[in-house]
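> Sequence first, then the predicted structure:
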Amino acid sequence: MEMQSTGPLEAELQQATGVLKDALAEACGTRVDRADTGQLARVEHVLMLAQDAARKAVTIRERKRRARRSATPPESAAPALADRARGHEDSGAHRMFVDASGVSWDAFAVHPSADASGRARLPERYQRGWLSFDSGAERRRLSPIPPDWLTVPEYALRELCRQAEPAPRRPTPPRNTGPIPKAEP
């Protein structure tokens, strides 16, 4: 459990958590086997509200965690902080936001592997990495990675997403729908 603190982030987190709880309670309380089309449409809407609230809660918790880390960085974090100061983002950092159309996006930096054969297939402008924006239905990318993308205000992140170009989707292999094999002792 995270430490409770006061302030605007905590108030936003409590609000997002409240919306999430209420939306899930409403959706889970619906008898879908007896629901008409209008009621199912309401469930769909409420679940979208829950998704947005969950993403907001995740984003706020990540911001709080980063704030705690920057206030008292452990000795082992010194190399990562030095890299970030030079403009290299943490490869695991994500930022969630909603654009002007109400679409939820996940932004994260992509750094190609050092394997030269993989980089050779990338257009030159992407060989040093890119900022990826993924909405689930659409993926976009922007290169070079803006050094301050982790800290820019949300409106600036939305503008970066707007400027990013559509990225091709890689075909996904079919899922194995058979039973999961048991591990041998």
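Thanks, I have it.

> what about the helices in this structure?
Secondary structure of the chain (DSSP state H): helices at 8-28, 37-71, 78-85, 116-120, 154-163.

> okay, those in TSV with mean pLDDT and mean neighbour count next?
Every residue, glycine included, has its C-beta placed from N, CA and C. Shown next, in TSV, are these (pLDDT from 0 to 100; neighbours: other Cβ atoms under 10 Å):
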stretch	mean pLDDT	mean neighbour count
helix 8-28	82	15
helix 37-71	76	15
helix 78-85	42	12
helix 116-120	59	10
helix 154-163	95	15
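
> possible to save those as JSON lines with distance to Gly136?
Formatted as JSON lines, the helices of the chain follow (distance: least, Cβ to Cβ, whole Å):
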{"stretch": "helix 8-28", "distance to Gly136": "18"}
{"stretch": "helix 37-71", "distance to Gly136": "10"}
{"stretch": "helix 78-85", "distance to Gly136": "28"}
{"stretch": "helix 116-120", "distance to Gly136": "25"}
{"stretch": "helix 154-163", "distance to Gly136": "14"}
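
> quick one: contacts for Asp134?
Neighbour list for Asp134: 105-108, 140 [criterion: Cβ atoms under 8 Å, 6 or more residues apart in numbering].

> Ok, which of the helices of the chain comes nearest Met96?
Judged by Cβ to Cβ, the one of the helices of the chain that comes nearest to Met96 is helix 37-71, at 4.2 Å.

> So what angle separates the directions of that closest one and helix 154-163?
On the basis of axes from the mean of the first three to the mean of the last three Cα atoms, to 10 degrees, helix 37-71 is oriented at 110 degrees to helix 154-163.

> Report all helices and strands that helix 37-71 contacts.
With contacts taken as 3 or more Cβ pairs under 8 Å, 6 or more residues apart in numbering; DSSP states H and E, helix 37-71 sits against helix 8-28, strand 94-98, strand 104-110.
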